[in-house]
Structure formats: structure tokens, C-alpha cells
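J.: I'd like to go over a predicted model; first the sequence, then the structure.
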Amino acid sequence: MTTPLPATRSETAFGDFKLPFAPGEAVAEATRCLFCHDAPCIAACPTAIDIPQFIRKIATGNDRGSAKTIFESNILGMSCARVCPVEVLCVGSCVYNDLDQPPIAIGRLQRHATDRAFAEGWTFFEAGPDTGRRVALVGGGPASLAAAHRLRRLGHACTILERGTTLGGLNSTGVAPYKMRADRSIEEIEWVLAIGGIEVRTGVEVGGQGPDDPSLEDLERDFDAVFVGAGLGADSALGVPGEDLLGVHGAVAWIESMKLGEVDLAGVERAVVVGGGNTAIDGVRELLGLGVASVTMLYRGTPERMSGYAHEWTAALADGARVEWRAIATDFEGTDRIERVRAARLDDARRPIDGGEFTLDADLVLLAIGQSKLGERLAALEGIALDRGRVAVDDGGATGRGGWYAGGDCVNGGKEVVNAVAEGDRAALAIDAWFAAGGGLRKGSGA
Ligand SMILES: Cc1cc2nc3c(=O)[nH]c(=O)nc-3n(C[C@H](O)[C@H](O)[C@H](O)COP(=O)(O)OP(=O)(O)OC[C@H]3O[C@@H](n4cnc5c(N)ncnc54)[C@H](O)[C@@H]3O)c2cc1C
Ligand code: SF4
């Protein structure tokens, strides 16, 4: 199903940044929870996990019940316990913040319960009675995995079509290893697929040119509904001279090669990361963690305007990150490999300041300025509309073409794993409702 991961991959150099609770600590933390009515932490969670309920179960020693509560709303609850930016979601909205006391460590409590479920081999869900319906899921990332699991619980057969060799999308190939390594994501996926009835085809690109690549029309012919969870595309380029020099990489591509394989950093002492989002911050921290002595983030805006989370940037500074605010890269120079980055300082209106040019020596550059949108291919189908490259859907994830649904990064433009899970789950329920109302792409299919 998924190509085994090499034991020597670079990401194994990292340990956990946020440590799990020691025995006894989880119960002590759980008993601090006020079990609020109309709990703001639930409202802040895109998958609306019943947080006070799962915490109460930990407090009463019922870890199994707690894990079930979590997975009922979020089938990737083990990943999300590690990778969610809880500081701006559930933990950030905990009422304790207004009482000037430490908020409840919801992520660590979720990790306590879900890790226990994996350690004990607990399973909670079974496939529903077979409905005769078949759903294709384009991409094997969090959105499709969540949709497929929910569809199986409702009795619909599922086929995941993934162009890569690894399932999990960016949750396996992109998430910083000090939050979660790829093997942990794969372990979770195997647990999700254990429900049975989810066929997985890797190495096939929907709409691709390969002999085994299905076309969009093939999916319409062979399945009753299609869920598109294709995520985003390749790293965006700056379009400045020297971008093709050796040692200049798209950040998402480089992070994938670091997580799934080995990156060669021999002789790399100074690195520059261009961008100010979370991928840029991850790149900075990963390079520092792998031993690069000097890593500088080059960002065109100010600290207040950066899209990367403040708590992540604080952690990067503690790791030793350097930064050049209000600056853009204008040129990459070197004879064969990258040797230096030419940059220009910007004014408030982001115009280059006269005399503001400077250079940074660099043996490696990561470009973290965004990813392309993949929607164009889909828009070839009548009825499917795009909104600035994103697939346009209604609240249930339905596109304007009957039987075609979408969710995750390809719809929201790039958010978090928990958003992809929520949107995949929601679309699965909408597909089920559509079937119940008599919908179905294959003629004569269904119950
Ligand atoms: C560097 C980086 C770090 C991140 N860190 C975090 C984090 O710490 N916490 C967090 O919550 N979120 C993080 N995210 C965001 C999170 O990973 C994504 O929001 C989430 O994975 C989106 O899920 P998805 O299923 O929509 O898309 P993806 O995860 O991108 O999965 C889409 C899948 O579809 C496949 N695919 C695409 N086109 C086709 C096709 N035509 N045919 C077949 N298969 C196709 C792709 O190969 C891919 O496997 C990070 C993102 C990046 C880039
Ligand atoms: S807001 Fe905080 S105290 Fe209230 S239920 Fe949620 S975690 Fe518990």
C-alpha cells in the first residue's frame, strides 16, 4: 500500500518538542478543567470534539471512553493532538486565559488518550452494512482519509487514488518532525484503514498522463460519487535570477525529502529561508535542528504582519533563528551552487528603499512563499467552479456538478490538518445524504 520509510531518514534526528504527560499528570491536569457549559474550546475546534467530555473521562480514569469521544469527531485525533496549533484554537480559547491562569493543556490530554488507544490496540468503529455505493477519493491526505472512514461507517465502498507512494498527504510529508514524524502518521493511517473496505491505489494520478492514470471521466463512469481532496500543488517560485542554482529548493519539496529520505547538509553552514508563514518557520527550525549554524529568515513584511504563528516564531528565536524583516530576495548568486542572496530592504508600502540593498552568504536557500493551486484540472468539468484557484463548494462540500464533492487544502487554500478532517467528514455526510435522496453517478447503481 505504502512504500516503507527508510530508517535512516533525516527526520529521525528530531525528538518531540512537546512532551507527553508522565503517569499521573494527565489526571491531575484533567481535574483542573471547569467542564464549561457552552465550552468555548469546543467552538474553537473545527471538528467540534466534545473536549470537556473527553477530559472528564480522563479525570475519572476512563481513557478508553475518552479516546472514543475524540475519534468520534476526528478520526485523525492522534495526529491532531500533536500537530494542531492548539495555541490559536482550543487552548487559546480556554476560559482560564481570562482568569490569568494557565489554560488546560488540551492537546497533551488528547495525546494522552489517543496514544493510550494505539498502545492498547483499542478500536472503536465498524463498517456499516454494504449499500452497493462506490465513492472515489482523489488524493490520500487527511481530507480523503477522514471522508473515506466516515463513508465506510455508513456502508459505502471507497477507493483512494493517490499519486504519491505514501498516504497521509502533508501530514506525512510536511509536518515538522519535532511535532510528528512520518512513521507515526502512517501508523495512524493503518489504524484508520483497519475498518476495511477502503481500497488504496498509490502511484496513480487522477487526470495524469500515465497508462494507469484514471481520467475524470473514468471516475464518473466507475463510481457513484467523487470526493476531491487533492491539496495544493508545487512550491511557488519567486521568478528572480539564479533560482535554478544548486542548493535553492522549494521548502515543501525539501521538507518532504528530509522527512521521507536523507538530505545532505555537508558543508552547509549558512542558510536563508524566504517567506514569513508557518512553512518558512518550520524550515528555519528544521535546518537549525539538523545542525546548520546560521539560518536567516528573509521576510518582506513586519513581525506583526507575518502569517506564521507568533508562538512558532518565538520557538524559532529560542532555537537561534536570525531574521531580516521588510526585505525581498532580488537575486541568487553563485558559480554553480548558491553562494549568496542579494536582497533589498522595503519601505512601508513594500517598495525597495534606495541604497537598501544587502547580501547574505548562503550555502542553501528554501523558498517558502506558497504553493500553487491544483483546481485547474477539475475546472475542465462543466459545473465545477474555481475561486482564485480553489475549488468552490457549498457548506457540505458539494461542487456545482452533481456527485462531485471536495474538501481540505484544495478548497480552503491551505489551512490545518484539523480543517481538512472536518471538511472531509462533512462532505462524507453530504454524499450519504445525496445517495439517500436518490443521487448516484453510475446508472442503475445503489440499493
Ligand atoms: C510544510 C508544512 C507543514 C505543515 N504543518 C502543519 C502542522 O504542523 N499542523 C497542521 O495542522 N497542519 C500543518 N500543515 C497543513 C496540513 O498538512 C494540510 O492542511 C493538510 O495536510 C491538508 O490535507 P489535504 O488532505 O487537504 O491535502 P494534502 O495533505 O496535501 O493531501 C493531498 C494528497 O492528494 C494527492 N494528490 C494531489 N493531486 C492528485 C491527483 N491528481 N491524483 C491523485 N492524488 C493527488 C497528493 O499527492 C497528496 O498526497 C502543514 C503544511 C505544510 C506545507
Ligand atoms: S474552556 Fe477550558 S476549562 Fe472550559 S471546558 Fe474547555 S478546557 Fe475545560
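T.: Sure, I can see it. Ligands and ions are numbered 1, 2, ... in the order given.
J.: ok, now which ones touch the closest residue to residue 375 other than its chain neighbours?
T.: Closest residue in space to residue 375, ignoring its immediate chain neighbours: residue 386 at 4.5 Å, by CB to CB, 6 or more residues apart in numbering. Using the backbone N, CA and C atoms, a C-beta is placed for each residue, glycine as well. By CB atoms under 8 Å, 6 or more residues apart in numbering, the contact list for residue 386 reads 373, 375-376, 378-379, 392.
J.: Residues of the stretch 301-447 of the chain that sit close to ligand 1?
T.: Contact residues (CB under 6 Å from any ligand atom) of the stretch 301-447 of the chain with ligand 1: 374, 408-409, 415-418, 420.
J.: Kindly indicate the member of those residues with the most neighbours.
T.: Among those, the one with the most neighbours (other CB atoms under 10 Å) is residue 408, at 34 neighbours.
J.: Quickly note the distance from it to ligand 2.
T.: 26 Å (CB to the nearest ligand atom, to the nearest Å).
J.: How much space separates that residue from residue 46?
T.: Distance of residue 408 to residue 46, given as CB to CB, to the nearest Å: 11 Å.
J.: Mutual contacts of the two, please.
T.: Among the neighbours of residue 408, those also in contact with residue 46 (CB under 8 Å, 6+ apart) are residue 419.
J.: Which residues of this structure lie near ligand 2?
T.: Counting by CB under 6 Å from any ligand atom, the residues of the chain lying close to ligand 2 are 33-36, 39-41, 51-52, 94-96, 104, 106.
J.: From those residues, which land in helices?
T.: If you go by DSSP state H, the residues of the chain next to ligand 2 have 40-41, 51-52, 106 in helices.
J.: Apart from its chain neighbours, what residue comes closest to residue 106?
T.: Using CB to CB, 6+ apart and skipping residues adjacent in sequence, the residue nearest residue 106 is residue 90, 4.6 Å away.
J.: Now, the residues of the stretch 301-447 of the chain next to ligand 1 that are in helices?
T.: Reading helices off those with DSSP H, I get 409, 417-418, 420.
J.: circling back to that earlier point, burial check on the residue nearest to residue 106, number of neighbours?
T.: Neighbours of residue 90 using other CB under 10 Å come to 26.
J.: what residues are up against residue 113?
T.: 54, 57-58, 63, 66-67, 70.
J.: that older thread, which member of the residues of the stretch 301-447 of the chain next to ligand 1 is positioned nearest residue 311?
T.: Nearest to residue 311 out of these is residue 416 (CB to CB; 14.0 Å).
J.: measure the closest one to residue 408 for me?
T.: 10 Å.
J.: what touches both of those two?
T.: With CB under 8 Å, 6+ apart, residue 416 and residue 408 have no common neighbours.
J.: Counting neighbours, what do you get for the nearest residue to residue 428 once chain neighbours are set aside?
T.: Nearest non-adjacent residue to residue 428, counting by CB to CB, 6+ apart: residue 150, 3.7 Å away. Using other CB under 10 Å, residue 150 has 22 other residues around it.
J.: Check which helix or strand residue 314 maps to.
T.: Counting by DSSP states H and E, the element that carries residue 314 is helix 310-319.
J.: what's that helix in contact with?
T.: With CB under 8 Å, 6+ apart, helix 310-319 has contacts from 17, 85, 87-88, 278, 281-282, 284-285, 288-289, 297, 303, 306, 321.
J.: Try it again at 7 Å.
T.: Applying CB atoms under 7 Å, 6 or more residues apart in numbering, the external contacts of helix 310-319 come out as 87, 278, 281, 284-285, 288, 306.
J.: What of stretch 17-31?
T.: So stretch 17-31 is contacted by 55, 58-59, 104-105, 108-109, 111-112, 115, 178-179 (CB under 7 Å, 6+ apart).
J.: Tell me how far the residue nearest to residue 106 lies from residue 6.
T.: Noted for residue 90: a distance of 35 Å to residue 6, by CB to CB.
J.: same deal with residue 413?
T.: Counting by CB to CB, the gap from residue 413 to residue 6 is 33 Å.
J.: Look at these two and report which has more neighbours.
T.: More crowded of residue 413 and residue 6, by other CB under 10 Å: residue 413, with 14 against 11.
J.: residue contacts, the closest residue to the more buried one other than its chain neighbours?
T.: Nearest residue to residue 413 in three dimensions, chain neighbours excluded: residue 390, at 5.2 Å (CB to CB, 6+ apart). Residue 390 makes contact with 373, 375, 410-411, 413, according to CB under 7 Å, 6+ apart.
J.: got a winner among those residues for most neighbours?
T.: Scoring the contacts of residue 390 on neighbours with other CB under 10 Å, the highest-scoring entry is residue 410 at 28 neighbours.
J.: which residue ranges form the strands in the stretch 201-350 of the chain?
T.: Along the stretch 201-350 of the chain, counting by DSSP state E, counting those that start in this stretch, strands occupy 225-228, 248-250, 270-274, 294-298, 322-324, 327-333, 340-346.
J.: Pipe the ones you listed into a markdown table and attach mean pLDDT per row.
T.: Formatted as a markdown table, the strands of the stretch 201-350 of the chain follow (pLDDT from 0 to 100):
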| stretch | mean pLDDT |
| --- | --- |
| strand 225-228 | 98 |
| strand 248-250 | 98 |
| strand 270-274 | 98 |
| strand 294-298 | 98 |
| strand 322-324 | 98 |
| strand 327-333 | 97 |
| strand 340-346 | 97 |
